[in-house]
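>>> return atomic coordinates for the entry below.
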Amino acid sequence: MSAATGAVTDALRELHAEFAGVDDGEVADYIPQLALADPGAFGLALISMDGHRYSTGDAEVPFTVQSVSKPFVYALALSVLGLDEVSRWVNAEPSGEAFNAISLERGTGRPDNAMVNAGAIVTTALIPDTPAAPRFGRILDCLSRFAGRRLDVDEEVYASEALTGDRNRALAYLIRSTGPLPVDPVAAVETYFRQCSVRVTALDLAAMAATLAHGGVNPLTGDRVVPEPVAAQVLAVMATCGMYDSSGDWLLRVGLPAKSGVSGGLIAAGPARFGMGTYSPLLDAGGSSVRGHLAIGRLSERLGLHLMHNPALAGSTVTLVTTADDLPSAPAAERDRARHEQVAVVAAQGALDFTAAERVLYAMDEAGPEGTGAVVLDLLRVTDIDTVARAMLRSGLARLTADGRRTAVADPDGRLREPGDGAAAPRCFATREEAVARCVADAAG
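Residues are numbered from 1 along each chain as shown. All right, here's what the predicted structure looks like:
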């Protein structure tokens, strides 16, 4: 396993091991087909802004998207109609109530937001419906582009929802009685049921969340799914409304835009950092995945991902990926030896946080043949390394060493050192040339 993959996957595996035994909560049974889910299923997935995929557990087990579809259909409505027009029909205020509550604005009948069922039904109804582009076809295409692959509908779950969805039908008729439902209530709810029955995996959810975090561009496919302002608007509503009546507590403690679903799916987005998807069908009283909630909360705490934390300075992180024999500053004899020994060099700059460290680790993985040669990490132009990035880089270097690759670091300020470092500490040198020479000498010895 590579250094970057190992550092992030290890964190996910630790979270999986920590919370897999939690058996609090209940599987949703008000939709009979959902009651058949395996209560022990638990998957975690994370996708970075560079399209790197990490997962553990049941991350490729299919389940229906349910309410996790809401932010993405809201994004589609915003893209087609614009914020002002959508806001005529659906508000953007936290309801402080359960997902299926009657949350309608007094005097206008507008649902409080697009994350509760009432608002989601109206949002679905806003999607244009034409013979050439049917409403649900547009929705399925949008969800598929967010996921980066073609999705389909679980027809059994759809039939189960249609059979038992009287409360949602009642919400639609109530909204229509006050005015703000632009289509027939029956048509609106049937499309909404199909939307919720689209089949996904935790990895799909991570890709969908990562697309929002990446300003509307899918980091796996490069497809611009929605404009950047729309992605920002959706993330804002997710942050304030995505976890229903616990949205405030979630934002306070976890600090990430998120959305839950009663099938056990949960997404979280770190803007310009990553998208995360989890699956575990045991739900708390508010209809959110118990294990998913715990895992994302712990990851945010461990990696310092809270939105309100001061991020690293923006800018290019990896400034050089080459081999030592291509460096003009090295003497000719040393370049010849470095070429023979396959010494790779990766240089970084700026302030390193989780996202920056993940990019550096991937560059180190790709800088030379796997399992052979040596890697020099140049930190001469790095201005700061936070505790999370330091731990990730040290772990990545240790993994490369364990895989048989020699490593050295140009780190004159000792940014990777920690109190009590012993023999397992990274080998740090004052210059890049000294680090390269050490790796070459080790090979010769």
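
>>> so where is this structure shaky, pLDDT-wise?
Within the chain, the segments meeting pLDDT under 70 span 1-5, 96-105, 107-109, 179-182, 310-315, 324-341, 368-372, 423-424, 444-445.

>>> tell me, what residue is most central in it?
Relative to the mean C-alpha position of the chain, the nearest C-alpha, by Cα atoms, centre = their mean, is the one of G275, at 1.1 Å.

>>> quick one: the strands in the stretch 151-300 of the chain?
Assigned by DSSP state E, counting those that start in this stretch, the stretch 151-300 of the chain shows strands spanning 152-153, 198-200, 258-260, 265-270, 274-279, 282-283.

>>> who are the packing partners of the last one?
This points to strand 282-283. Identification of packing neighbours for strand 282-283 by 3 or more Cβ pairs under 8 Å, 6 or more residues apart in numbering; DSSP states H and E yields strand 26-27, helix 290-303. Any C-beta I mention is one placed from the backbone N, CA and C, and that applies to glycine too.

>>> so which of the strands of the stretch 151-300 of the chain gets nearest D184?
strand 152-153 (21.0 Å; Cβ to Cβ).

>>> tell me, how many residues neighbour the closest residue to R169 other than its chain neighbours?
On the basis of Cβ to Cβ, 6 or more residues apart in numbering, the spatially nearest residue to R169 that is not a chain neighbour turns out to be V189, at 5.2 Å. Residues near V189, counting by other Cβ atoms under 10 Å, number 24.

>>> state the distance from V189 to Q33.
Distance, V189 to Q33, using Cβ to Cβ, to the nearest Å: 17 Å.

>>> just Q342 next, same as before
In this structure, Q342 lies at 55 Å from Q33, with Cβ to Cβ as the measure.

>>> then R394?
The value you get for R394 to Q33, if Cβ to Cβ is used, is 47 Å.

>>> likewise A398?
Here A398 is placed at a distance of 46 Å from Q33 (Cβ to Cβ).

>>> the more surrounded of the two?
Ranked by neighbour count (other Cβ under 10 Å), A398 and Q33 place Q33 first, with 20 against 17.

>>> thought A356 was touching T383, still the case?
No: here T383 does not reach A356: they are 11.0 Å apart, not a contact under Cβ atoms under 8 Å.

>>> intersection of neighbour lists for those two?
Shared between the contact lists of T383 and A356 (criterion: Cβ atoms under 8 Å, 6 or more residues apart in numbering) are residues G350.

>>> which of those two has more neighbours?
Neighbours were counted for T383 and for A356 using other Cβ under 10 Å; A356 has more, 28 against 13.

>>> before we move on, which element is the more buried one in?
Using DSSP states H and E, A356 falls within helix 354-366.

>>> list the buried ones in that helix?
Within helix 354-366, the residues that count as buried by 16 or more other Cβ atoms under 10 Å are 354-365.

>>> of the residues you listed, closest to I121?
For the buried residues of helix 354-366, the closest approach to I121 (Cβ to Cβ) belongs to T355, at 36.5 Å.

>>> now do the contacts for the closest one.
Under the criterion of Cβ under 8 Å, 6+ apart, the contact list for T355 reads 48-49, 272-274, 312, 317.

>>> same thing but 7 Å
By Cβ atoms under 7 Å, 6 or more residues apart in numbering, the contact list for T355 reads 49, 273.

>>> thinking V436 is in contact with L377, fair?
No: at 11.2 Å, V436 does not count as touching L377 under the criterion of Cβ atoms under 7 Å.

>>> which SS state does M308 fall under?
Under DSSP: H, G, I helix; E, B strand; the rest coil, the three-state class of M308 is coil.

>>> kindly report the same for V409.
On the three-state scheme (three-state DSSP), V409 is labelled strand.

>>> gap between it and A425?
Using Cβ to Cβ, one gets 10 Å for the distance from V409 to A425.

>>> before we move on, back to that, enumerate the beta-bridge partners assigned to the residue nearest to the centre of the chain.
Note on G275: beta-bridge partners I47, A269, judged by DSSP bridges.

>>> I'd say it and A209 touch.
Yes: G275 lies in contact with A209 (Cβ under 7 Å); the separation is 3.1 Å.

>>> quick check: neighbours shared by these two?
Counting by Cβ under 7 Å, 6+ apart, the common neighbours of G275 and A209 are 267, 269.

>>> domain ranges for this protein, per the record?
3-303, 318-444 (automatic domain parsing).

>>> OK, contacts around the residue nearest to the centre of the chain?
G275 makes contacts with 47, 206-213, 267, 269, as judged by Cβ under 7 Å, 6+ apart.

>>> just G422 next, same as before
When contacts are counted by Cβ under 7 Å, 6+ apart, G422 touches no other residue.

>>> do a quick rundown of the helices in the stretch 101-250 of the chain.
In order along the chain, the stretch 101-250 of the chain carries the following helices (DSSP state H, counting those that start in this stretch): 117-126, 135-147, 155-164, 166-178, 185-196, 202-213, 228-241, 247-253.
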